[in-house]
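Chemist: Okay, predicted coordinates and the sequence, questions at the end:
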Amino acid sequence: MGKDSKPKSKGKQPAAGASEDGASKGAGKGKGGKSADGLGTCTYVKARHILCEKQGKINEAYKKLQDGWLSNGDKVPPAEFAKVAAEYSECPSGKKGGDLGWFPRGKMAGPFQDVAFSTPIGVTSAPFKSTHGYHIILSEGRKN
């Protein structure tokens, strides 16, 4: 979807808490169908993440992100997210600033995929648990 493109609405209003581009967390998780907010319809997501085995450590990383970027809400610049990922992440991707690159729908398991495909571009997710541990995701892009 191009910069000037707007998702087509089918009579639905954007959900409360929608971002400037009309996207909101948790909405439009359909597989392939069009949604009013444009989330859940893409085939690929580009993301960074922080993975920690212990909940206390992921909460510490999240607090560090929040403390540094309170005025931006949940929007942390990728370079700053990368610094925190390099410091806290226990995943090998942490050495690359948590960069996972582009990945298709169906590659990541359960909650990780759900959060990655429902977090608006430029937004940092709240910490969440998966089978691999605790994560924070920064969504960097979407494409079909």
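Modeler: Everything's here; your move.
Chemist: Is Lys75 in a helix, a strand, or coil?
Modeler: Of the three states, Lys75 takes coil under DSSP: H, G, I helix; E, B strand; the rest coil.
Chemist: Which residue is the nearest non-sequential neighbour of it?
Modeler: Closest residue to Lys75 apart from its sequence neighbours, by CB to CB, 6 or more residues apart in numbering: Gly122 at 5.3 Å. To be clear about C-beta, it is placed using only N, CA and C from the backbone, and glycine gets the same treatment.
Chemist: Looks to me like the one you found is in a helix.
Modeler: No - assigned with three-state DSSP, Gly122 falls outside any helix and is coil.
Chemist: so who does Phe81 touch?
Modeler: Arg48, Ile50, Leu65, Gly97, Gly98, Thr124, Leu138 (CB atoms under 8 Å, 6 or more residues apart in numbering).
Chemist: follow-up on the earlier one: okay, the residue nearest to Lys75 and His49: tell me how far apart.
Modeler: 15 Å (CB to CB, to the nearest Å).
Chemist: Now do the strands in this structure.
Modeler: Using DSSP state E, the strands of the chain run over residues 44-52, 99-104, 128-130, 133-143.
Chemist: The second one: which residues count as buried?
Modeler: Burial within strand 99-104, assessed by neighbour count using 16 or more other CB atoms under 10 Å, is assigned to Asp99, Leu100, Phe103.
Chemist: ditto for stretch 80-99
Modeler: By neighbour count with 16+ other CB under 10 Å, stretch 80-99 contains the buried residues 80-85, 88-89, 91, 93-94, 97-99.
Chemist: got it, and stretch 105-123?
Modeler: Buried residues in stretch 105-123, counted by 16+ other CB under 10 Å: 105, 108, 112-123.
Chemist: hmm, back to that, return the most buried member of the strands of the chain.
Modeler: strand 44-52 (a mean of 23; mean count of other CB atoms under 10 Å).
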